[in-house]
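Engineer: Quick one: sequence plus predicted model below, questions after.
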Amino acid sequence: MVLARGEVADKADRARRAVADTRAGSAARLGLMVLPAVFFAVFFAWPVASIVGRGLRTDTGWQFGRIGEVLTRPDLLDVLWFTTWQAVASTVLTLLIALPAAYVFARYDFRGKQLLRAVVTVPFVLPTVVVGTAFLALVGRGGLLDEAWGVRLDTTVWAILLAHVFFNYAVVVRTVGGLWSQLDPRQEEAARVLGAGRFAAWRRVTLPALAPAVASAALMVFLFTFSSFGVVLILGGPAFSTLEVEIYRQTAQLLDLPTAAVLTMVQFAAVTAILAVHGWTVRRRETALRLVDPATTAHRPRGAGQWALLGAVLGTVLVLIVAPLAVLVERSLSGPDGYGFTYYRALRTADGTFLVPPVEAIWNSLQYALAATAIALLVGGLAATALTRRAGRFVRGFDALLMLPLGVSAVTVGFGFLITLDEPPLDLRTSWILVPLAQALVGVPFVVRTMLPVLRAVDDRLREAAAVLGASPLRAWREVDLPMVRRALLIAAGFAFAVSLGEFGATVFIARPDRPTLPVAVARLLGRVGDLSYGQAMALSTILMLVCAVSLLLLERIRTDRTGEF
C-alpha cells in the first residue's frame, strides 16, 4: 500500500512537471514569436493597411462602394482575367516541362549533377527584371531570334509564359524532386512484381505519394506568376498587365490610390487562399509518408531510355535556362566596335539618369543585401525556432503569415513604406535601412522554410538530456540545435542574400536616387532609348546574374540534404 501510494505520488509529480514543461514551452514559443510578429506588423501589415486606408477612407468615412465600382470596370476585369489565366497557363507549362527534370534529379546519379542543380536554381533567385532582360535579349527586338530568323516574341504572351517557366523551373525540381528522391523505389517494384505494368505501378504507388509535393509546387508557381511584376512590365508592353503591374501603374503613374487599394485587397485575398491550401499540402507531405535516405535511391542511368531521358532534360536546361543567360552575357559584351568591355567601362560614368555612376549600384546592392540577410536570419531564425514543434491553428496561421510577402504586392509595400515610415518615432524615409527592411520581408520566408525541416528533425530527447544536466534553454539551443542546423543556417543566409539582392517591386519606390540598387538601375537603363543604355543594362544584369550564380554554387557545396522547399 505504501509502495502504491509512492508510485501514485511519483506519477502525479511527473504529470505536474510535464504540465509545467508544456507551459514553459508554450511561453518560450510565444516569446520567440514576439520579434517576428512585431517586425511583420510594423513593416508589412501597417504599410499595406495604410495604402488600403488611404484609398478607401475619406473625411466622411469609409467608401466601400468604391470596391464595386472598381471591380465592375471592364479594363480592370480584363486585367484580373489575364492575371488568372496566364498564371494557370504558366503553372501547367512549368509542371509539364520541369517534372521530368525532378525525376532525373531524384533518381539518377551523374557527373555534374551538383553544378546542374545550381544552374537551374539561378533563375529563381534572379530579379524578375533581370529575367525579363534576359528574354528581351533572346526574343525581343534586335535579340538573337530576331537577328537569326526575324522572330520576335516580346509584347506577346508567349514571351511571358516562357519567362515564367524559366523563373519557376527550380521550384518544381526542388520541391517535387526533393520528395521523389526520398520515396522508396521498392514499393513501386513490389507492385510490378504483383503484375502491375510500369505506368500502372507509378500511377497507383508513386503518384499518390507525390501528389502533395506536386500540388505544393503548383501552388507556389501559381503564386509567383499570379503576382508577376518585372517580367510582365518588361516583356508584356502596354498590351498585357497583371494585378501587380496595374497596382504599380495606378499608384506611381496615375496616383489613383482608391483603385490601387481595391486591387491590393483582391490580390491579398487570392494570395491568402493560395497559401492556406499550400499549408495544407505541406502538412500532408510532412505527415503522410515514410521516407528513406536520398543517397540510397539514386543510381547511374541504365539503358537507352534512361540515357535518352537524361539527354532530353539536359537539352531542355540548355535551351530554356542556359540560352537566355548566355545571350545576356553576349549582349553585354557586344559593343559598337565589336566584342569587348565597352558597356562595362561605361558604367563608371554618371549621366542624366543617375546622380552617381551606375557601377555604384553594385556596392549599394551588396551592402543592402548583407544588412537584409542579417535581419532575415534574426527574424526568420526566431520564427523557425518558435514553429519547430507542431501546434494548433494559431501557430499554423503565424507560419502562413510569414509567407505572405512572397505573394502580396511588393509595390504596395514599397509605397506604403513612404507614407507610414515618415514620422517619429519611425521616420525612416531618408534612412538607408529602409531598403534592407523591405528586402528582408522577402528573405524571411526562405529562412523559415529552409531551417524549419532541419529544426524539426532534431531529436527532442537531446534537448531534454541537456536540460537534465542543468543546461539553460539558451545553452541547450547553443550546444544541441546550433551544431545540427549550422549548414541549414548558411543555406538560409545564402538564399536570403540572393533574393534580397534582386528585390525590385518595393525597392523601386524607396531606393534613393543617389543610392540605386542593381535591379532599379537595370530598370532605369531599360527605360531609356539608345544602344548605350541597353548595353549598360545588359552589363549590370550580367554582373547580378554572376553574383547570384556564385552564391548558388557555394550553397550547393555546403548543402547535404536535398529536402525542403527551396
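Structural biologist: Arrived safely. Owing to the predicted nature of the structure, the values given are computational and were not obtained by experimental measurement.

Engineer: what about stretch 176-196, average pLDDT?
Structural biologist: Per-region confidence: stretch 176-196 scores 74 on mean pLDDT.

Engineer: Then stretch 72-88?
Structural biologist: 91.

Engineer: in that stretch, what counts as buried?
Structural biologist: Within stretch 72-88, the residues scored as buried using 16 or more other C-beta atoms under 10 Å are Leu76, Val79, Leu80, Phe82, Thr83, Thr84, Gln86, Ala87. Using the backbone N, CA and C atoms, a C-beta is placed for each residue, glycine as well.

Engineer: Stretch 505-520 now?
Structural biologist: 505-512, 515-520.

Engineer: In TSV: those, plus distance to Gly65, secondary structure and pLDDT.
Structural biologist: Listed next are the buried residues of stretch 505-520 as TSV, based on distance: C-beta to C-beta, whole Å; DSSP: H, G, I helix; E, B strand; the rest coil; pLDDT from 0 to 100:
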residue	distance to Gly65	secondary structure	pLDDT
Gly505	29	coil	79
Ala506	30	coil	83
Thr507	34	helix	86
Val508	31	helix	82
Phe509	28	helix	81
Ile510	32	helix	86
Ala511	36	coil	85
Arg512	38	coil	83
Arg515	42	coil	87
Pro516	40	coil	87
Thr517	39	coil	89
Leu518	43	helix	87
Pro519	38	helix	87
Val520	37	helix	87
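
Engineer: Among the buried residues of stretch 72-88, which are located in strands?
Structural biologist: Within the buried residues of stretch 72-88, no residue falls in strands by DSSP state E.

Engineer: State the pair within the residues you listed that is farthest apart.
Structural biologist: Leu76 and Ala87 (16.6 Å; C-beta to C-beta).

Engineer: circling back: quick check, nearest of the buried residues of stretch 72-88 to Leu552?
Structural biologist: When the buried residues of stretch 72-88 are compared against Leu552 (criterion: C-beta to C-beta), the nearest one is Ala87, at 25.6 Å.

Engineer: hang on, that closest one packs against Thr225?
Structural biologist: Yes: using C-beta atoms under 8 Å, Ala87 makes contact with Thr225 at a distance of 4.2 Å.

Engineer: All the strands of the stretch 101-250 of the chain, residue numbers only.
Structural biologist: Per DSSP state E, counting those that start in this stretch, the stretch 101-250 of the chain carries no strands over any range.

Engineer: what stretches of it score poorly on pLDDT?
Structural biologist: 188, 194, 196-197, 199 (pLDDT under 70).

Engineer: what about stretch 230-246, how long is it end to end?
Structural biologist: 12 Å (C-alpha to C-alpha, to the nearest Å).

Engineer: Determine how far that stretch lies from the middle of the whole chain.
Structural biologist: 20 Å (C-alpha atoms, centre = their mean, to the nearest Å).

Engineer: picking up where we left off before, max pairwise distance over the buried residues of stretch 505-520: which two?
Structural biologist: Among the buried residues of stretch 505-520, Gly505 and Arg515 lie farthest apart (C-beta to C-beta), at 17.7 Å.

Engineer: is it true that Leu434 touches Leu428?
Structural biologist: Yes: shown here, Leu434 and Leu428 form a contact pair, counting by C-beta under 8 Å, at 4.9 Å.

Engineer: possible to save the buried residues of stretch 72-88 as CSV with distance to Val313?
Structural biologist: Listed next are those as CSV, based on distance: C-beta to C-beta, whole Å:
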residue, distance to Val313
Leu76, 41
Val79, 36
Leu80, 36
Phe82, 31
Thr83, 31
Thr84, 30
Gln86, 25
Ala87, 25
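
Engineer: Please, where are all the helices along the stretch 201-350 of the chain?
Structural biologist: 207-226, 230-235, 243-248, 257-287, 303-316, 323-333, 342-346 (DSSP state H, counting those that start in this stretch).

Engineer: Measure how the longest one sits relative to helix 207-226, angle-wise.
Structural biologist: The one in question is helix 257-287. Angle, helix 257-287 to helix 207-226, by axes from the mean of the first three to the mean of the last three C-alpha atoms, to 10 degrees: 160 degrees.

Engineer: Can you spell out which helices and strands pack onto helix 257-287?
Structural biologist: On a contact count with 3 or more C-beta pairs under 8 Å, 6 or more residues apart in numbering; DSSP states H and E, helix 257-287 meets helix 46-56, helix 65-71, helix 74-107, helix 207-226, helix 243-248, helix 393-403.

Engineer: Repeat the analysis, applying 7 Å as the threshold.
Structural biologist: helix 46-56, helix 65-71, helix 207-226, helix 243-248, helix 393-403 (3 or more C-beta pairs under 7 Å, 6 or more residues apart in numbering; DSSP states H and E).

Engineer: Quick check: which of those helices is buried the most?
Structural biologist: Mean neighbour count, computed with mean count of other C-beta atoms under 10 Å, is highest for helix 243-248 among the helices and strands packed on helix 257-287, reaching a mean of 26.

Engineer: Does anything pack onto the host helix or strand of Arg487? Which helices or strands?
Structural biologist: In this assignment (DSSP states H and E), Arg487 forms part of helix 482-501. Under the contact criterion of 3+ C-beta pairs under 7 Å, 6+ apart, helix 482-501 touches helix 113-125, helix 360-386, helix 434-457, helix 531-558.

Engineer: From Asn168, how far off is Ala218?
Structural biologist: Here the criterion is C-beta to C-beta, to the nearest Å. By it, Ala218 lies 10 Å from Asn168.

Engineer: Gly195 now?
Structural biologist: Counting by C-beta to C-beta, the gap from Gly195 to Asn168 is 38 Å.

Engineer: cool, Pro100 as well?
Structural biologist: Counting by C-beta to C-beta - Pro100 and Asn168 are separated by 15 Å.

Engineer: ditto for Trp180
Structural biologist: Taking C-beta to C-beta, one finds Trp180 at 17 Å from Asn168.

Engineer: Can you pick out the residue with more neighbours from these two?
Structural biologist: Asn168 (28 against 25; other C-beta atoms under 10 Å).

Engineer: so who does the residue lying closest to the more buried one once chain neighbours are set aside touch?
Structural biologist: Leaving aside its sequence neighbours, Asn168 sits nearest to Val221 (C-beta to C-beta, 6 or more residues apart in numbering; 4.5 Å). Val221 makes contact with Ser90, Thr91, Thr94, Asn168, Val171, Val172 under the criterion C-beta atoms under 7 Å, 6 or more residues apart in numbering.

Engineer: My read is that Tyr368 contacts Pro436, right?
Structural biologist: Yes: applying C-beta atoms under 7 Å, one finds Tyr368 in contact with Pro436, separated by 5.1 Å.

Engineer: Which residue of these two possesses the greater neighbour count?
Structural biologist: Tyr368 (27 against 24).

Engineer: residues touching that one, list them.
Structural biologist: Val435, Pro436, Gln439, Thr517.

Engineer: Can you get me a residue count around the third one?
Structural biologist: By that I understand Gln439. Counted with other C-beta under 10 Å, Gln439 comes out at 29.

Engineer: What degree of burial does Arg300 show, as a neighbour count?
Structural biologist: 11.

Engineer: again with Ala323
Structural biologist: 16.

Engineer: Nearest residue to it in space, please, no chain neighbours.
Structural biologist: Nearest non-adjacent residue to Ala323 (C-beta to C-beta, 6+ apart): Leu138, at 6.5 Å.

Engineer: any idea how far Phe224 is from Pro519?
Structural biologist: 16 Å.

Engineer: Leu233 now?
Structural biologist: Leu233 is 15 Å from Phe224, by C-beta to C-beta.

Engineer: Please apply the same query to Val442.
Structural biologist: 11 Å.

Engineer: Also His278?
Structural biologist: 12 Å.

Engineer: what's the pLDDT at the residue lying closest to Met265 once chain neighbours are set aside?
Structural biologist: Nearest residue to Met265, sequence neighbours excluded (C-beta to C-beta, 6+ apart): Val52, at 6.2 Å. At Val52, the pLDDT value in this model is 82.
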